[in-house]
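Enquirer: one predicted model, sequence on top.
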Amino acid sequence: MAKTKPRPGDQIPDLVEALLVELGEDPERQGLKATPERVSRALRQLTDGYRIKPEDVISDAVFDQDYDEMVVVKDIPFYSLCEHHMLPFFGTCHVGYLPRGKVVGLSKIPRLVGVFAHRLQLQERMTKEIAEALNGTLSPKGVGVVVEARHLCMEMRGVEKPGGQLITSCMLGTFRKDPRTRAEFLGLVRRP
């Protein structure tokens, strides 16, 4: 994602300053003086996926190709913010598809993951959005997406249990209908 510049009329710094006061901090303290602007820039960058259309990320890199075997990009790192507490969740995403005469440029799949990760998210929804966007743009025989992530909202607050992972999947087309295709995809994803 692109580096985010301060926006004219940005209200986030004032809101962060008010939040610091509400929390009992002094926003004029040396370590906090520039914090409202830094938080604003960080939040703009971490949510810049709202300003990008997923189809625009992929559409300029779809190529006619007579290839009908599974394509898998695995271990794509991502960082997102949970929409319930605005705390980070992060992990890896694995994406596979069965082409139907068209393939997508390799770098576009991690970019697609980044578009959806850079929004306030639920992991379950993000998993489905990635699969549906790839399916809608390529019209492949099938798509599979598996996301594995740690959620700081669970580790830092609430039950305060570090290390647990949430694993979600979305299978479309042949990945859903054919147990062999699904098993092949999951086997490739599990390989070290």
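Expert: Good, I have the coordinates. Residues are numbered from 1 along each chain as shown.
Enquirer: can you pull up the most central residue in the protein?
Expert: The residue lying closest to the centre of the chain (CA atoms, centre = their mean) is residue 117, at 2.2 Å.
Enquirer: hang on, that one packs against residue 80?
Expert: Yes. The pair residue 117 / residue 80 is scored as a contact, 4.2 Å apart, by CB atoms under 8 Å. Placement of C-beta: from N, CA and C, glycine included.
Enquirer: so what sits against both of these two?
Expert: With contacts taken as CB atoms under 8 Å, 6 or more residues apart in numbering, the residues that reach both residue 117 and residue 80 are residue 126.
Enquirer: who are the packing partners of the longest helix belonging to the chain?
Expert: Looking across the chain with DSSP state H, the single longest helix is helix 123-138. Contact here means 3 or more CB pairs under 8 Å, 6 or more residues apart in numbering; DSSP states H and E; on that basis helix 123-138 packs against helix 54-59, strand 71-82, strand 88-98, strand 102-104, helix 108-117, strand 142-151, strand 166-173.
Enquirer: who's in contact with the helix or strand just after the last one?
Expert: Downstream of strand 166-173, the next assigned helix or strand under DSSP states H and E is helix 174-177. Residues outside helix 174-177 that contact it (CB under 8 Å, 6+ apart): 96, 98, 141-144, 181-182, 185.
Enquirer: pLDDT for the residues you listed - can I get that in JSON lines?
Expert: Converted to JSON lines, the contacts of helix 174-177 look like this (pLDDT from 0 to 100):
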{"residue": "96", "pLDDT": "98"}
{"residue": "98", "pLDDT": "98"}
{"residue": "141", "pLDDT": "98"}
{"residue": "142", "pLDDT": "98"}
{"residue": "143", "pLDDT": "98"}
{"residue": "144", "pLDDT": "98"}
{"residue": "181", "pLDDT": "98"}
{"residue": "182", "pLDDT": "98"}
{"residue": "185", "pLDDT": "98"}
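Enquirer: break this structure into its domains for me.
Expert: Segmentation of the chain into domains, based on automatic domain parsing, reads 12-46, 55-190.
Enquirer: ranking those domains by burial, who's on top?
Expert: The highest mean neighbour count among the domains of the chain belongs to domain 55-190 (a mean of 17), with neighbours defined as mean count of other CB atoms under 10 Å.
Enquirer: so how far is that domain from its chain's centroid?
Expert: Centre-to-centre, domain 55-190 and its host chain are 8 Å apart (CA atoms, centre = their mean, to the nearest Å).
Enquirer: over to residue 86. Which of the three states is it?
Expert: What DSSP: H, G, I helix; E, B strand; the rest coil gives for residue 86 is coil.
Enquirer: try residue 186
Expert: Counting by three-state DSSP, the backbone at residue 186 sits in helix.
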